[in-house]
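Participant: Dropping the sequence and predicted coords here.
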Amino acid sequence: MQNNTAEKLDVNRYLLDGLNPEQREAVITLDKALLVLSGAGTGKTKVLTTKIAYIIENGYAFPSQILAVTFSNRAAREMKERIFNMTPGADAVWLGTFHSICAKILRNNADLIGLSNNFTIIDTDDQLKLIKQILKELNVDKKVANHVANAISRWKDKCIRPNDPRVDATSIEGKIYAIYQERIFSYDSVDFGDLLMYVVRIFKENAHILQKYREKFRYILVDEYQDTNMSQYMWLRMLSPIGAGLCCVGDDDQAIYSWRGAEVGNILRFEKDFMNTKIVRLERNYRSVGHILGAAASLIAKNATRLGKTIWTDGDSGEKVIIQRAYNGFDEAKIVAEKIEKLRKDSVAFGQMAVLVRAGFQTREFEERLIAYGIPYKVVGGLKFYDRQEIKDLIAYMRLIYQTNDSLAFERIVNIPKRGIGASAFSKLHTRAIERNISLFQASKEILGENSLRPLVTESLTTFIKFIESMRGQKDLPPAQIAKIILDETGYMNVLTNEKTLESQTRIENLKELLIALEDFEDLPTFIEHVSLVTDSKRNSTDDVVSLMTLHSAKGLEFEAVFLAGWEEGVFPHSMSLQEGNLEEERRLAYVGITRAKKYAFITYAMNRKVYNQWQSDLPSRFLAELSTEHVVHSKGKTGR
DNA sequence: CGATAGTTGCTTTTT
DNA sequence: GCAACTATCG
């Protein structure tokens, strides 16, 4: 890693020459705790990736001494690719989401909190199932399950354990939390919140472990710092090298995740929290034309709590933001579809267009219209590949083979495909598992030993248990092979093949696709870790299709043309946010939406909309009036009626 | 036990 | 308007 000065000069010319002065400063400042306030479209990814390459190429640290944390897997993947292009050895950089990094650390230290090192990570679905189960045991209405799940997640976001005085142990939520935590622990499983909470706990209780990681990571880079929650913040503070080596990048104007525990306060407090700090503002926008940027800026200026940035561009002022009224939701979709066709004729690629909506269900009417018009599209972040029933079933088998105590996986597939183990048999297993505080797998073996089940049930349960055990003997086979054996031997594939419906056809297709994806994984643990933490199947590819997605999932992306639909009071800003008094976050969401556009931004709103299958009339969103009139134009185009 | 018909409640946003 | 859950019967 010894470079002489002349070489350094060359390296840095190569790395830094394309950067503006602020970007360059953000890259080369290494001796301070640095906060980069990066406006939309100002090149923060470029800064982050260049900074990593800069550290490596100049020999300030080995790749393995750099920790780079992102919020989404997509961002991590993008960053990885870009660093690869700049510097060799980038694989050794610790780059990933908070959750994936924590999973890695936790796996190496699981014994310290009494977990095995092959614990499984459960998703929101399993979490909810478990909570419903507990509610049932306590004879509480299952309606509150979502609410309780949310409360538990919020506690975990703050590293608050069930026995913490801040948890009211007499409340339903508090009671469930205690049982839930005990139960999930006995399954040798953790949920998303646990990943952070446990690692923070390990760091707190084991000074030498913390010390080890503090010495390891010379440089820590954090993307989307405005979206960190309390536990992530605690984690960072413990790990951060004092007064230097930390670089947080974020934009308080794009803080849109308070509902999942993110605290904008973290970014607002940065200077107080860390010693020897420096703030660099990136305000020069390279993405959007002047009118779009102007419209976005006029909107976000209405927010009171801001660190304050003035984004500017010296590019073209371009087209104004077009606002168009529609008679109803169907007409809105029609207007958008026709605009898409027109832009396509003006040679804007489909892949450079996106329809952004406030809530997931809104994509449907657009889908229908786009299908009718023959416009290719994809729903981003909608139904996720790994969330499909058949995929989850197969993965549950793999989880159970990997970790027999994973009772949530056991429950999912003990009777799939149907093998005669119905509700009453299952409840016997369940009761035993609870009584003896053992897993369903162990409970099954116990009960089978007592020979108290009906003969047919005994037989099929025995076959099931034996199958899992025999697979455990082969768990070192390549995951694709394991999957094939499961699908064949359990009869899962047969059942689907015999069904011969359209649905079963797509299920088979999905499973085949999974088998192909499995080829990329060397062993079972690696794959299971991957599915637990990665929500999308990676073939996002470069298909030339229109993207449909929520505003939340659009963060970090950019398109030539963006359609912002459903700007009506109650839809956007969403009625729940209005009730909660969270208007500023909705406005930031609007800001994120507009700033995704490079050249064209269209905003539409409908006067009437069908909600719950009932027509209601809506008022235009208040945000429309907040857009500076010099940057917008109201289209007089037909409203579809 | 499993298939079927009937009932409910749901829609903010996600790692 | 639909998915997910519940009750009922063979």
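Facilitator: In hand now; what should we look at?
Participant: which residue does the stretch 501-641 of chain A bring closest to DNA strand C?
Facilitator: Ranking the residues of the stretch 501-641 of chain A by distance to DNA strand C (CB to the nearest atom of the strand) places A:Asn613 first, at 4.1 Å. All C-beta spots, glycine's among them, are computed from the backbone N, C-alpha and C.
Participant: can you count the residues close to A:Thr604?
Facilitator: For A:Thr604, the count of nearby residues is 25 (other CB atoms under 10 Å).
Participant: Looking at the stretch 101-250 of chain A, what residue ends up closest to DNA strand B?
Facilitator: The nearest approach of the stretch 101-250 of chain A to DNA strand B comes at A:Phe192, 4.3 Å away (CB to the nearest atom of the strand).
Participant: ok, back up a step: burial of the residue of the stretch 501-641 of chain A closest to DNA strand C, as a residue count?
Facilitator: Using other CB under 10 Å, A:Asn613 has 5 neighbouring residues.
Participant: before we move on, what about the one 10 residues further on?
Facilitator: A:Phe623 has 24 neighbours, counted by other CB under 10 Å.
Participant: I figured A:Val93 hits A:Phe84, correct?
Facilitator: No - A:Val93 is beyond contact range of A:Phe84, at 10.0 Å (criterion: CB atoms under 8 Å).
Participant: how about the residues of the stretch 451-600 of chain A near DNA strand C?
Facilitator: For the stretch 451-600 of chain A, the contact set with DNA strand C under CB under 7 Å from any atom of the strand is empty.
Participant: Please enumerate the helices of the stretch 451-600 of chain A.
Facilitator: With DSSP state H, counting those that start in this stretch as the criterion, the stretch 451-600 of chain A has helices at A:455-473, A:479-489, A:492-499, A:502-518, A:524-533, A:551-554, A:575-580, A:583-594.
Participant: so where is the stretch 401-550 of chain A shaky, pLDDT-wise?
Facilitator: Within the stretch 401-550 of chain A, the segments meeting pLDDT under 70 span A:535-542.
Participant: got the residues of it near DNA strand B?
Facilitator: Counting by CB under 7 Å from any atom of the strand, the stretch 401-550 of chain A sits next to DNA strand B at A:415, A:418-426, A:457, A:533, A:535, A:550.
Participant: which of these lies closest to A:Arg161?
Facilitator: Lowest distance from A:Arg161 to these (CB to CB) belongs to A:Leu533, with 22.8 Å.
Participant: before we move on, the earlier item: show me which pair in the residues of the stretch 401-550 of chain A next to DNA strand B is furthest apart.
Facilitator: Largest separation among these by CB to CB: A:Val457 and A:Thr550, giving 45.0 Å.
Participant: show me where the stretch 101-250 of chain A has strands.
Facilitator: Assigned by DSSP state E, counting those that start in this stretch, the stretch 101-250 of chain A shows strands spanning A:120-121, A:189-190, A:219-222, A:246-250.
Participant: Which residues of the stretch 201-350 of chain A lie near DNA strand B?
Facilitator: A:Trp259, A:Arg260.
Participant: how about low-confidence regions in the stretch 201-350 of chain A?
Facilitator: Counting by pLDDT under 70, the stretch 201-350 of chain A contains low-confidence residues at A:243.
Participant: Check it for the residue nearest DNA strand B and tell me.
Facilitator: For the stretch 201-350 of chain A, CB to the nearest atom of the strand, closest residue to DNA strand B: A:Trp259, 3.6 Å.
Participant: Tally up the residues packed near that residue, please.
Facilitator: Neighbours of A:Trp259 under the rule other CB under 10 Å: 14.
Participant: So which of the helices of the stretch 451-600 of chain A is nearest A:Glu215?
Facilitator: helix A:524-533 (25.5 Å).
Participant: Now the closest one: buried residues?
Facilitator: Residues A:Leu524, A:Pro525, A:Phe527, A:Ile528, A:Glu529, A:His530, A:Val531, A:Ser532, A:Leu533 are the ones in helix A:524-533 that count as buried (16 or more other CB atoms under 10 Å).
Participant: What of stretch A:71-89?
Facilitator: Buried-residue list, stretch A:71-89, by 16+ other CB under 10 Å: A:71-77, A:79-80, A:82-83, A:86-87.
Participant: of those residues, list those near DNA strand B.
Facilitator: By CB under 7 Å from any atom of the strand, the members of the buried residues of stretch A:71-89 lying near DNA strand B are A:Phe71, A:Ser72, A:Asn73.
Participant: Show me which of the residues of the stretch 401-550 of chain A next to DNA strand B are buried.
Facilitator: A:Asn415, A:Arg419, A:Ile421, A:Ala425, A:Phe426, A:Val457, A:Leu533, A:Thr550.
Participant: Tell me the spacing between the third one and A:Ser444.
Facilitator: Read it as A:Ile421. Per CB to CB, to the nearest Å, A:Ile421 is found 9 Å from A:Ser444.
Participant: hey, what's in contact with both of these two?
Facilitator: Common neighbours of A:Ile421 and A:Ser444, using CB atoms under 8 Å, 6 or more residues apart in numbering, are A:Leu461.
Participant: how about the helices in the stretch 201-350 of chain A?
Facilitator: Ranges of helices within the stretch 201-350 of chain A are A:207-216, A:230-239, A:265-268, A:270-273, A:290-300, A:329-345, based on DSSP H, counting those that start in this stretch.
Participant: So which of these is nearest A:Lys44?
Facilitator: helix A:265-268 (13.2 Å).
Participant: Okay then, goodbye and thanks.
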